[in-house]
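Trainee: generate a structure from the sequence data that follows.
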Amino acid sequence: MHPRHHLILSTVAAVAAYPRLGRRVLVPWAASLLADLDHVPPYIARNGVASPATMWRFFRSDRGDEHQHLLHRWPVILVGLAMAPLTPFLGLVAAGLAFHRILDDLHGLLKTPWRRLHWRMSAQGRLHARLHRRDGHACRICGAMGQRLELHHLTPERTKRPDDPS
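Mentor: Model (predicted):
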């Protein structure tokens, strides 16, 4: 999940929990936001030391590895939640990590529909839909209808169409 989405959703959750937790709400809020710092050591081990901007671009591109890092593992989170009666601070940190992990899991489940909706709402997606409506939802090159139309305009120029007289 994009860090911006973690920031927005964690802030909304913190505002909702503020009447119950007071200033202590900052602990799970910060834990939820800082949970992704466990991605940095594997990145440095694999790619070497880089600027924060380079790491930011790498992880925003969804090219990061898929295995779970330490702060994203449910056993670590559950141990922290189990220790909450003994150390309330650790329980708040674990609650923030659990919220972060739940957001990541939900994002994994909703990734495809979300990307499709995001594409439709983008300027390029709206242009794409307008062009398909203009052409009667048929491909201008091959005449295909009723299926997802792809980028036919990128075909090589030397490929001749059946209706081409030359």
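
Trainee: need the CA coordinates for the least confident helix or strand in the chain by mean pLDDT. CSV is fine.
Mentor: Ranked by mean pLDDT, DSSP states H and E, the weakest helix or strand in the chain is helix 52-60, scoring a mean of 75. Extracted in CSV, the C-alpha atoms of helix 52-60 (Å, rounded to 0.1, in the frame of the first residue of the first chain):
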residue,chain,number,x,y,z
PRO,A,52,15.9,8.3,0.6
ALA,A,53,14.4,9.6,-2.6
THR,A,54,15.7,6.5,-4.6
MET,A,55,14.3,4.1,-1.9
TRP,A,56,11.0,6.0,-2.0
ARG,A,57,10.7,5.7,-5.8
PHE,A,58,11.6,2.0,-5.6
PHE,A,59,8.9,1.1,-3.0
ARG,A,60,6.3,3.4,-4.6
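
Trainee: that helix packs against which elements?
Mentor: The contact analysis (3 or more CB pairs under 8 Å, 6 or more residues apart in numbering; DSSP states H and E) places helix 52-60 against helix 40-47. C-beta coordinates here come from the backbone N, C-alpha and C atoms, glycine included.

Trainee: the helix it packs on to helix 52-60, inter-axis angle?
Mentor: Inter-element angle recorded for helix 40-47 and helix 52-60: 100 degrees (by axes from the mean of the first three to the mean of the last three CA atoms, to 10 degrees).

Trainee: report the buried residues of helix 40-47.
Mentor: For helix 40-47, burial by neighbour count (16 or more other CB atoms under 10 Å) applies to Tyr43.

Trainee: what mean pLDDT does it have?
Mentor: Helix 40-47 shows a mean pLDDT of 81 in the predicted model.

Trainee: Three-state assignment for the nearest residue to Trp74 once chain neighbours are set aside, please.
Mentor: The spatially closest residue to Trp74, leaving aside those adjacent along the chain, is Arg101, at 6.9 Å (CB to CB, 6 or more residues apart in numbering). Counting by DSSP: H, G, I helix; E, B strand; the rest coil, the backbone at Arg101 sits in helix.
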